[in-house]
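>>> Got a sequence here, can you model it:
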Amino acid sequence: IESAGYADDNNDSNEDIDHIFGQLETNDGDEPADEEPPVVSKDSPDDENESDFVREISAINCILSRCCYLLCYADLQIQVLSCETLLSGFRSLGKVGFFRKKLRGESASNPLLPAIAEFWPSIIARLRSASTALVSVNRLSRSDLSIRHTMATDQERGPSKASLEVLLSKLLLIVSELCSSSDGFFVDRFENDAFPIIAKLMQDILPKDSSSMVLPGHPATFAEQKHSLVLPILHCFKCSYESSCRYGLAGLIPSAGTMIFPLLSFGGPIGDVAMAAVKVMLAVDCGALWRGIHTLSKRSFPCNPIGSGSMMTTNGEQSSSKAVTAVAILSSNCRVKDCDFTLSQKAGELLDFIEVLPEQQI
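Numbers count the residues shown, from 1 in each chain. You can find the predicted model right below:
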């Protein structure tokens with residue numbers, strides 16, 4: 001038996017349904033005003049956070065902070081792993097900066113730059129202390145130690161030369177990455193902080209005589225056994241002068257290129273990377289190294305067309321000009337008489353490379 005209350009409820013529900021359909025028919029198929037989807041702005045905070053990678057940047061900076069603390073750990077293996085983690089973190093921040101720049105243009109901020117400002121003091125301090133330790137280890141190995149001191153078991157054992165070279169190579173990789181990804185921001189830090197340390201290392205690891213050089217066709221004992229740090233330094237120079245910091249570092253080309261010149265006569269990977277490093281320097285400023293390369297090539301300098309072809313000069317002026325030219329040629333021959341054939345050949349290749357370079361700004 002159907003109750004009266006149920007019948008009333010059913011009638012009320014039918015009236016509500018009719019009312020809803022009546023409203024839909026009066027709107028002629030248009031969406032109700034109160035059911036319109038909310039308009040999402042293009043630059044909403046959620047989308048901005050997703051494109052800026054705020055959480056990821058915060059996590060990377062936290063990891064970098066802990067790795068910089070571990071650079072002072074006693075175990076060198078922990079320091080090497082910290083350097084590798086630092087390198088990965090800086091690369092990730094550089095990729096985020098590149099993505100922002102591609103998305104928003106030159107006005108986009110690069111998260112790598114504040115990370116450099118915050119963590120570079122710890123990195124350069126470890127680079128400076130490790131290079132000093134390596135120089136002292138090399139000096140100690142060259143000195144004549146007594147048998148009693150050498151065989152003593154109670155003497156303090158410091159880090160080995162090989163472990164220090166591995167640590168320094170990792171730190172130099174970080175320097176190269178910061179040059180490549182910083183959009184010129186790293187110029188002052190490389191010039192004032194990193195380059196003096198690299199120059200000191202080059203002075204210590206370069207051979208004192210030509211007997212240690214590796215010629216083509218001979219085993220690379222110098223590079224592989226004695227001085228495995230040469231290749232990381234050359235790679236650091238090459239990456240630095242291929243990066244956006246290259247024009248800011250043009251003032252270092254004369255001294256840096258002069259340090260690399262002796263390595264051109266080496267065989268194997270050292271000679272190849274030294275050649276590539278000098279070429280990228282010449283692409284930045286070919287005039288800074290032209291005279292030194294010309295001297296190493298053993299090519300004669302062309303005569304002065306004004307002095308030799310002019311008929312207005314007196315006999316005294318002509319004789320003095322000839323005397324100056326003879327002294328210049330003699331001094332040039334004295335400087336290059338000990339140059340290796342491989343060195344002069346590569347210097348000639350560099351001169352030919354200069355000739356095909358496009359015009360550079362003065």
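
>>> Tell me the helices and strands packed up against the helix ranked longest in the chain.
The helix that spans the most residues within the chain, counting by DSSP state H, is helix 112-142. Other elements packing on helix 112-142 under the criterion 3 or more Cβ pairs under 8 Å, 6 or more residues apart in numbering; DSSP states H and E are helix 54-70, helix 76-104, helix 161-181, helix 187-189, helix 195-205. C-beta: built from backbone N, CA, C; applies to glycine.

>>> Checking residue 74 next. Helix, strand or coil?
Under DSSP: H, G, I helix; E, B strand; the rest coil, the three-state class of residue 74 is coil.

>>> Report how many residues lie close to it.
Other residues near residue 74 number 7, with proximity taken as other Cβ atoms under 10 Å.

>>> same thing with residue 248?
Burial of residue 248, expressed as a neighbour count using other Cβ under 10 Å, amounts to 19.

>>> Please apply the same query to the one 3 residues further on.
Other residues within reach of residue 251 by the criterion other Cβ under 10 Å amount to 12.

>>> OK, contacts around the closest residue to it other than its chain neighbours?
Once flanking residues are discounted, residue 251 sits nearest to residue 191: 7.6 Å by Cβ to Cβ, 6 or more residues apart in numbering. Residue 191 makes contact with 248-249, 251-252 under the criterion Cβ atoms under 8 Å, 6 or more residues apart in numbering.

>>> Format these as CSV; extra columns: pLDDT and secondary structure.
Compiled in CSV, the contacts of residue 191 are given as follows (pLDDT from 0 to 100; DSSP: H, G, I helix; E, B strand; the rest coil):
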residue, pLDDT, secondary structure
248, 94, coil
249, 95, coil
251, 94, helix
252, 95, helix
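
>>> For residue 279, find the nearest of the helices and strands packed on helix 112-142.
Of all the helices and strands packed on helix 112-142, helix 161-181 sits nearest to residue 279, with 16.9 Å by Cβ to Cβ.

>>> what element comes up after the lowest-mean-pLDDT helix or strand in the chain heading to the C-terminus?
In the chain, no helix or strand scores lower on mean pLDDT, DSSP states H and E than helix 315-336, which sits at a mean of 44. Using DSSP states H and E, the helix or strand that follows helix 315-336 towards the C-terminus is helix 341-355.

>>> tell me the mean pLDDT for that next one?
Helix 341-355 shows a mean pLDDT of 89 in the predicted model.

>>> got CSV for the helices and strands packed on helix 112-142, with mean pLDDT and distance to residue 278 too?
What follows is the helices and strands packed on helix 112-142, written out as CSV (pLDDT from 0 to 100; distance: least, Cβ to Cβ, whole Å):
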stretch, mean pLDDT, distance to residue 278
helix 54-70, 95, 34
helix 76-104, 94, 26
helix 161-181, 94, 17
helix 187-189, 95, 20
helix 195-205, 91, 14
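
>>> Just say which of those helices is most tucked in.
Among the helices and strands packed on helix 112-142, the stretch with the highest mean neighbour count (mean count of other Cβ atoms under 10 Å) is helix 161-181, at a mean of 21.

>>> would you turn the helices and strands packed on helix 112-142 into JSON lines with distance to residue 276?
Converted to JSON lines, these look like this (distance: least, Cβ to Cβ, whole Å):
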{"stretch": "helix 54-70", "distance to residue 276": "31"}
{"stretch": "helix 76-104", "distance to residue 276": "22"}
{"stretch": "helix 161-181", "distance to residue 276": "14"}
{"stretch": "helix 187-189", "distance to residue 276": "21"}
{"stretch": "helix 195-205", "distance to residue 276": "17"}
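
>>> Select, out of those helices, the one closest to residue 347.
Ranking the helices and strands packed on helix 112-142 by proximity to residue 347 (Cβ to Cβ) places helix 195-205 first, at 19.2 Å.

>>> Show me what that closest one is packed up against.
Judged by 3+ Cβ pairs under 8 Å, 6+ apart, helix 195-205 is in contact with helix 112-142, helix 230-240, helix 253-260.
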